[in-house]
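S.K.: Okay, sequence plus prediction incoming.
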Amino acid sequence: MASVNDILLDALDRVRETVHGLLDDTPEDRLAQPPAEGANTVAWLLWHLTRVLDEHVAEAFDRDVVWTGDGWYERFGLPFPASAHGYGMSYDDVLAVRSSAEDLGGYFDATYALVTDALRGLDPADLERVVDEDWDPPVTLAVRLVSALNDATQHVGQASYAAGILTRQ
């Protein structure tokens with residue numbers, strides 16, 4: 001029987017496969033191009049899903065965020081504070097996320113390593129641990145992990161849709 005760890009890792013592996021497929025199949029000059037006026041770009045969607053995954057998992061497991069801890073913030077050189085992760089950004093902010101496929105994939109892989117390491121050491125009893133008391137009811141580790149994976153799945157799907165439009169134009 002599959003463990004909770006196995007199921008979560010499988011879900012994350014599927015996101016990773018899709019991220020790398022997108023980066024392999026989408027022309028680099030299209031990554032920062034919106035598929036329509038006002039729409040999110042592939043680059044922004046992949047950066048955002050990785051920032052959220054990185055931040056939520058690092059915080060929940062009391063680890064350093066890969067974005068700043070491993071130098072990705074400096075490498076990307078975005079015109080936002082290091083704490084930015086995409087929520088509430090304007091369309092101009094979305095268009096400012098311009099990065100190579102190599103950097104987008106590298107940052108995702110570094111975050112993937114953080115998350116898989118955390119998940120491999122996860123004890124099922126840990127899932128009930130409260131990780132955020134700012135909500136009612138307080139957020140448990142189980143809820144935070146499902147939320148982060150759901151966000152990543154939705155955004156990688158949106159990026160796939162956007163890339164499909166761009167490669168057919």
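M.R.: Noted; the coordinates are in hand. This structure is a prediction, so every number in the text was calculated from the model and none was measured.

S.K.: any idea what sits nearest residue 114, other than its immediate chain neighbours?
M.R.: residue 66 (5.3 Å; CB to CB, 6 or more residues apart in numbering). For the C-beta atoms, the positions are set from N, CA and C on the backbone; glycine is no exception.

S.K.: Nearest residue to the middle of the protein?
M.R.: residue 50 (2.0 Å; CA atoms, centre = their mean).

S.K.: Which neighbouring elements make contact with the lowest-mean-pLDDT helix or strand in the chain?
M.R.: Of all the helices and strands that make up the chain, strand 130-132 has the lowest average by mean pLDDT, DSSP states H and E, namely a mean of 93. Using 3 or more CB pairs under 8 Å, 6 or more residues apart in numbering; DSSP states H and E, the elements in contact with strand 130-132 are strand 139-140, helix 141-167.

S.K.: who's in contact with the closest residue to residue 34 other than its chain neighbours?
M.R.: Leaving aside its sequence neighbours, residue 34 sits nearest to residue 41 (CB to CB, 6+ apart; 5.2 Å). Residues near residue 41 by CB atoms under 8 Å, 6 or more residues apart in numbering: 31-35, 94-95, 97, 162.
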